[in-house]
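Asks: what follows is a predicted structure for the sequence shown.
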Amino acid sequence: VQGYFFPSAVMGAKKRMVVDDDDDEFEEEEVPKALAYKVVGLPHLSMRLYIGKTYTLAELETRCGRRNKKRRAKLLKKLNDRSCFRPASIKDAVERKRCQKPQKDVPAWVKAPILESENGEVSRRRTIANNLARNILRKLDKESGKVTDMHVEMVLKVWGFVRNGQRKNVLPKGKEWVHSDTLGLNRSRDGRLVVTAASRQYKNVTKLFNRWLEDNWPAKLDEDFPFTSISVNYNYAAARHRDGNNKGPSLIRAFGKFTGGELRYWPRDDRSVKCVKKLKLKDSVKRNIRRRSFTFDGRKAHEVQAFKGQRFSLVFFTCGKYNNASAETQTLLDELGFQFPTTTELRKATEAV
């Protein structure tokens, strides 16, 4: 686990049915022994690779064409050739520096890596995270295992976060943006209720987070607790605020190595005090959410305390006007592992908070 290196055991047996992003099986082939490889010699695969650079298996598969069987077979053969590739850690692949200038020790026809912009880096990391989540889920399905905090934290460390400047109410003082993404149901700019692009494109990450909640269901939480969305956050202490796009209660959990970072919550906030900054601390409660999930009403005031270290959080909630989602959208949410609410379930969950 340390360094995010996965031995062949994580990948399963020596052979597998290859599955594309839409889970369509199309070929049986040898399984690579690692999830990342360092290029040590020219493989002659026309894949725009640099000698000395480390690439994830997800990137290599994408560059060779997931449905190009001949190129794929050639890639897998080359991955076993230690004069071309050597197994490496995912951490090295994720944290590799962007190439600014062409290297002198490679031919002129070797082009720079495809993904070099900030948006490209986000996509690259998300592809890695999705591939990692897929293999974790496959292994656990085979062993009838459960998704643990460790699995979630590994995927979160790889995930590529966007700079989100639209959540004005949570921005810490002096900040213009935060690292925050929404998975599952969300309202589009034209007012429609849709499944976010992040969940449509990186389904395995969404499935893994929902599977974690299912496998680590809080003992006192009703089994029909509904949620349509997940807020995924990284390394910011949310300012005191009230959520405006929620319906019913939320469930929050923090991950990572950090100190501080507790959730402060005003359970009796009736909104009679318009400015949340004027609420009194004595009316609040503070909860350590690093080791235990906490259910609360996000429409009441809450904030995150200052912290040191690396902190991630997942917030499971129901999107406002969820009942306007189309039948097709509801079906996709179900496939991803969300629990689309009924009016009765949502009322019951709200009363329990």
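Replies: Alright, I've got the coordinates.
Asks: wasn't residue 126 part of a helix?
Replies: Yes - judged by DSSP: H, G, I helix; E, B strand; the rest coil, residue 126 forms part of a helix.
Asks: number of nearby residues for residue 151?
Replies: For residue 151, the neighbour count with other C-beta atoms under 10 Å is 23. C-beta coordinates here come from the backbone N, C-alpha and C atoms, glycine included.
Asks: actually, residue 194.
Replies: 16.
Asks: beta partners of it?
Replies: Beta bridges link residue 194 to residue 186, judged by DSSP bridges.
Asks: state whether residue 264 and residue 282 are indeed in contact, as I suppose.
Replies: No - when contacts are counted by C-beta atoms under 8 Å, residue 264 is not listed as touching residue 282 (11.7 Å).
Asks: point out where the protein drops to low pLDDT.
Replies: 1-33, 65-67, 95-119 (pLDDT under 70).
Asks: which residues in it form helices?
Replies: For the chain, the helices defined by DSSP state H occupy 8-11, 57-64, 69-79, 90-94, 118-143, 149-158, 197-201, 203-215, 327-336, 343-352.
Asks: for residue 239, find the nearest of those helices.
Replies: helix 149-158 (21.8 Å; C-beta to C-beta).
Asks: packing partners of that closest one?
Replies: Judged by 3 or more C-beta pairs under 8 Å, 6 or more residues apart in numbering; DSSP states H and E, helix 149-158 is in contact with helix 90-94, helix 118-143, helix 203-215, strand 250-255, strand 312-317.
Asks: for it, what is the distance to the chain centroid?
Replies: 8 Å (C-alpha atoms, centre = their mean, to the nearest Å).
Asks: excluding its backbone neighbours, what's nearest residue 188?
Replies: residue 194 (5.0 Å; C-beta to C-beta, 6 or more residues apart in numbering).
Asks: ok, now which ones touch that neighbour?
Replies: When the contact criterion is C-beta atoms under 8 Å, 6 or more residues apart in numbering, the partners of residue 194 are 185-188, 325, 329.
Asks: what's the answer for residue 93, then?
Replies: Contacts of residue 93 by C-beta under 8 Å, 6+ apart are 36, 54-56, 59, 128.
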